[in-house]
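Q: pasting the sequence and the predicted model now:
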Amino acid sequence: MKRKYWFGSLTPISIGVEIIISIIILINCSKDKNPVNPSTLTTVTDIDGNVYQTVKIGNQLWMAENLKVTHYRNNNAIPNVTDSLAWSNLSTGAYCNSDNNETNVATYGRLYNWFAVNDSRNIAPAGWHVPSDSEWKQLEMYLGMSQEEADQDTYRGTEKGGKLKEAGTSHWYDPNEGATNESGFTALPAGARESNGTFKNYRGLLAFFWSSTEGSDSDAWFRYLPYDGSEVGRVSSDKKAGCSIRCVKN
């Protein structure tokens, strides 16, 4: 049975409707695939010395791993806020580890509130940036979404999310529906932190990625991928929430 997803202020997010679409995906090696050419792969290093694999998807060069950095580009520290109440009261940048557990960082990277995304000191490595909502749409349309689909919110894009998710169930919960990772993006389900500072049992179930684009004074756009669906979710949610970050080259 498909489950409902809750996020942000512990009310159902607008996309948190029950997924009721069952999809049989027929994979045809000669159609609608975007294989990764290993010769295009490079790495990028952040201010802390973390090295990330990258992948070229269409005309964009993306990180193929979740951001782990703990300093802005000018070497100022990003606060690691572990206390739930302190996190819920933030209006400035901060990060945390999934479940406040350092052992999760190597695989899943770190979670950041949107204030860290928007900080003028820059969270991305030099020559890179956090993608805008439009740049996420560019990626999605390269994978086969129409402009009309990309402009919608909630779940959209049928199998396009599967092309972004790491295949198999080493990190994703079963069934990791539709996951082929044809794009080489290798999305991992790091989960998220609620705007009230609590961690729900999202790791393994969902991947959340910030965009740099505001939705309103209190909200910003992000993308999410579910374990039990192959679509891509697009939603504007509380800037206080903690999500993963993937950067794209300038």
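A: Received it, and whenever you're ready, just let me know what you need.
Q: where does the prediction get shaky in this protein?
A: Within the chain, the stretches with pLDDT under 70 are 1-41.
Q: how many neighbours does the nearest residue to residue 226 once chain neighbours are set aside have?
A: Once its chain neighbours are removed from consideration, residue 226 has its nearest residue in residue 206; the separation is 5.6 Å (CB to CB, 6 or more residues apart in numbering). In short, each C-beta sits where N, CA and C put it, glycine included. Using other CB atoms under 10 Å, residue 206 is surrounded by 22 other residues.
Q: isn't residue 206 right up against residue 223?
A: No. With contact defined as CB atoms under 8 Å, residue 206 does not reach residue 223; the gap is 10.7 Å.
Q: would you state the strands of this structure in chain order?
A: Defined through DSSP state E, the strands belonging to the chain, from first to last, are 6-7, 11-12, 43-45, 51-57, 60-63, 95-97, 110-112, 128-129, 154-156, 206-214, 219-226, 232-238, 248-249.
Q: out of the ones you listed, which gets nearest to residue 178?
A: Comparing the strands of the chain by their distance to residue 178 (CB to CB), the top pick is strand 219-226, with 9.9 Å.
Q: ok, the closest one: who's next to it in the sheet?
A: Using DSSP bridges, the strands paired with strand 219-226 are strand 206-214 (antiparallel), strand 232-238 (antiparallel).
Q: what's the closest of those strands to residue 181?
A: In terms of CB to CB, the element of the strands paired with strand 219-226 nearest to residue 181 is strand 206-214, at 12.2 Å.
Q: in the protein, where's the longest helix?
A: Scanning the chain for the helix with the most residues, using DSSP state H, yields helix 133-142.
Q: now the angle from it to strand 232-238?
A: For the pair helix 133-142 and strand 232-238, the angle between their directions (axes from the mean of the first three to the mean of the last three CA atoms, to 10 degrees) equals 170 degrees.
Q: which ones are touching the spatially most central residue of the chain?
A: Central residue check for the chain by CA atoms, centre = their mean: the C-alpha nearest the mean position is that of residue 209, 2.2 Å away. Applying CB atoms under 8 Å, 6 or more residues apart in numbering, we find residue 209 in contact with 136, 187, 222-224, 243-246.
Q: ok, of those, which one's closest to residue 116?
A: When the contacts of residue 209 are ranked by distance to residue 116 (CB to CB), residue 245 comes first, at 8.3 Å.
Q: the closest one and residue 210 touch, don't they?
A: Yes. Taking CB under 8 Å as the definition, residue 245 is a contact partner of residue 210 at 5.6 Å.
Q: and for those two, which residues touch both?
A: For the pair residue 245 and residue 210, residues contacting each of them under the criterion CB under 8 Å, 6+ apart are 112, 117, 130.
Q: the second one contacts residue 221, correct?
A: Meaning residue 117. No. Look at residue 117 against residue 221 with CB under 8 Å: they stay out of range, at 10.7 Å.
Q: more neighbours: these two, which one.
A: Just comparing residue 117 and residue 221: by other CB under 10 Å the higher neighbour count belongs to residue 117, 23 against 20.
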